[in-house]
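[1] Here's a sequence, model it:
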Amino acid sequence: MTTMKAQHVEADASWMRHALALAARAEAEGEVPVGALVVRHEEVLGEGWNRPITAHDPSAHAEINALRAAASLAGNYRLDGATLYVTLEPCVMCAGAIQHARIARVVFGAYDPRAGAAGSRFAVLQSPHALRHVTVRGGVLQDVCGAALRQFFVRRRR
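    Numbers count the residues shown, from 1 in each chain. Okay, here's the model as predicted:
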């Protein structure tokens, strides 16, 4: 592996750990523990975590909240060149918002075989008919991200 590639892999893992900390904030609020952040030029533009129950808003997914915060900071809904890190594969709604925000790259942790739109269930981000090309990398810290979700649902069922 080249040095540049190795650095990229380590940076992705580091940012995913940041997203996991945001997921813990969601869980502390009684939400499904999903965290997301938007990074451009090694700077965090926006952070978010799941808040649909707390906000009474079905669109308040971690990705949407991170995109909103990033667009507000950037002063532009176009987030060209940015990477979105999220602990769970984005759903169709979030994939659409990612396209419209012109996110260049999505890095996610756990795959979502029931609703994932980055290749598991749907391939919205990879579709040749998509609005924009988005590079996707899944499975970063997959075991840790998946375990956080599984443990949350085990506790919730008790």
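
[2] Can you tell me the centre-most residue of the protein?
    residue 86 (2.2 Å; CA atoms, centre = their mean).

[3] Pull out the buried positions in stretch 80-100.
    82-91, 93-99 (16 or more other CB atoms under 10 Å). For the C-beta atoms, the positions are set from N, CA and C on the backbone; glycine is no exception.

[4] repeat for stretch 136-152
    Using 16+ other CB under 10 Å as the test for burial, stretch 136-152 gives 136, 138, 140, 141, 142, 144, 145, 146, 148, 149, 152.

[5] likewise stretch 37-51?
    So for stretch 37-51, counting by 16+ other CB under 10 Å, buried means 37, 38, 39, 40, 44, 45, 46, 47, 48, 49, 50, 51.

[6] and it, how far apart are its ends?
    14 Å (CA to CA, to the nearest Å).

[7] same deal with stretch 32-44?
    End-to-end span of stretch 32-44 (CA to CA): 22 Å.

[8] Give me the helices and strands touching the helix or strand residue 155 falls within, please.
    Assigned by DSSP states H and E, residue 155 belongs to helix 142-157. The contact analysis (3 or more CB pairs under 8 Å, 6 or more residues apart in numbering; DSSP states H and E) places helix 142-157 against helix 3-28, strand 83-88, strand 105-110.

[9] okay, the angle between the next helix or strand along the chain from the first one and helix 3-28?
    Looking back up the chat, that one is helix 3-28. Moving toward the C-terminus from helix 3-28, the next helix or strand (DSSP H and E) is strand 35-40. Angle of strand 35-40 versus helix 3-28, following axes from the mean of the first three to the mean of the last three CA atoms, to 10 degrees, is 140 degrees.

[10] where does the protein have low pLDDT?
    Along the chain, segments meeting pLDDT under 70 span 1-4.

[11] rerun that using 80 as the cut-off
    Counting by pLDDT under 80, the chain has low-confidence residues at 1-7.

[12] which one in it is furthest away from the centre?
    Distance-from-mean max, the chain, by CA atoms, centre = their mean: residue 158 at 27.8 Å.

[13] and the gap between it and residue 151?
    11 Å (CB to CB, to the nearest Å).

[14] repeat for residue 157
    Using CB to CB, we find residue 157 at a distance of 11 Å from residue 151.

[15] Same check on residue 18?
    Applying CB to CB, the value for residue 18 to residue 151 is 19 Å.

[16] Over to residue 14?
    Separation of residue 14 from residue 151 (CB to CB): 22 Å.
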